[in-house]
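Colleague: This is a predicted model, with the sequence first.
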Amino acid sequence: MLVLENLAELVGKYSEDLKSEVASFKIRQQSFDASKTQMMGVVNLSADSWYRESVCLSIDQAIQRGKRLAIEGALIIDVGAESTILNAERVSSEAQSSQLVPVIQELNEAGILVSVETYHDAVTKACLNSGAAVLNLTSSVGDESLFKTLSDYEAGVIICYVQGEHVRSVNDFILSDDHTDVLYDYFAKQIELATKCGVERIWIDPGLGFYYANLQDGKKRIQYQMKTFLETFRLRKLGWPVCHALPHAFDFFGEEVRTAESFFAVLALLGKTNLLRTHEVAKVKAVLESMECY
């Protein structure tokens, strides 16, 4: 059982990390203020996506969902065309681009910040050309060419932690005694390369929403997720805001699975997360506003 003593122990052990400041910045004339937590709403153009409420089976549906999530309070709309679940169909870069581009164009013209979730260079370039402001990079092979392209477009990047070449090529997850140390080393190297190439807008994402073969046991998976949420503040010394995808824990929430993201949002906020990636913007917004009342 998570109790107050667990939080006190973390604060006592890593109190210096709590004092670290992370960057705020402007992106496409909008401000990302790291002093408060903001939301990124999800639009899935893949029918394989697990979260049925986020799936849009047409371009018009995707545009309408993106606009609705923005009205509900999302600062950024994250669009993707290939699910990350283990048995999802692979979608070619051409097919992904043909679905994503018109959605991005329409949302961009409406003044909405759009992020594209992909590990394909070709999809990234097509979406940047169409107005995407952020790359949600679900690959571990961010290189100079990719980061320089992002810099040229003055785009931001969400650097995800992936154990494998990209999110669709992962196998078993190797969990060390201090996973936050592993995350720190991984992100430090990626941040150094990205900033060297001129990228000025960065979020880091520990990748809690990815499907590793040996993390199918609900209790084991949720233990790893809860611990990572609560220790998020230890990554602040990297200097950049942290983005977390909110999990679902179907084994525990069952038919109430649509309330799971609200629960995990509380843990993420306690850990000082800066950006929440959520399918349930309206519900999570209520959590944010309630926590701010303290």
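Modeller: Noted; the coordinates are in hand.

Colleague: Could I get the full set of helices for the stretch 101-250 of the chain?
Modeller: Here the stretch 101-250 of the chain has its helices, by DSSP state H, counting those that start in this stretch, at 121-129, 144-152, 179-196, 218-230, 250-253.

Colleague: buried set for the first one?
Modeller: Burial within helix 121-129, assessed by neighbour count using 16 or more other C-beta atoms under 10 Å, is assigned to 123-128. C-beta: built from backbone N, CA, C; applies to glycine.

Colleague: Equivalent analysis for the fourth one, please.
Modeller: Residues 221-222, 224-230 are the ones in helix 218-230 that count as buried (16+ other C-beta under 10 Å).

Colleague: just the strands in the stretch 1-150 of the chain please.
Modeller: Per DSSP state E, counting those that start in this stretch, the stretch 1-150 of the chain carries strands over the ranges 25-27, 30-32, 38-44, 76-80, 113-118, 134-137.

Colleague: nearest to residue 270, of those strands?
Modeller: Closest to residue 270 of the strands of the stretch 1-150 of the chain, according to C-beta to C-beta: strand 38-44, at 16.6 Å.

Colleague: can I get the CA coordinates of that closest one in CSV?
Modeller: Coordinates of each C-alpha in strand 38-44 appear next as CSV, following Å, rounded to 0.1, in the frame of the first residue of the first chain:
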residue,chain,number,x,y,z
GLN,A,38,-0.5,20.9,-18.8
MET,A,39,-2.2,18.3,-20.9
MET,A,40,-1.7,16.6,-24.3
GLY,A,41,-4.9,15.1,-25.7
VAL,A,42,-4.7,11.9,-27.8
VAL,A,43,-6.2,11.3,-31.2
ASN,A,44,-5.7,7.7,-32.6
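
Colleague: Can you point out the buried residues in the lowest-mean-pLDDT helix or strand in the chain?
Modeller: Lowest mean confidence among the helices and strands of the chain (mean pLDDT, DSSP states H and E): helix 250-253, at a mean of 87. Under the neighbour-count criterion of 16+ other C-beta under 10 Å, helix 250-253 has residue 253 buried.
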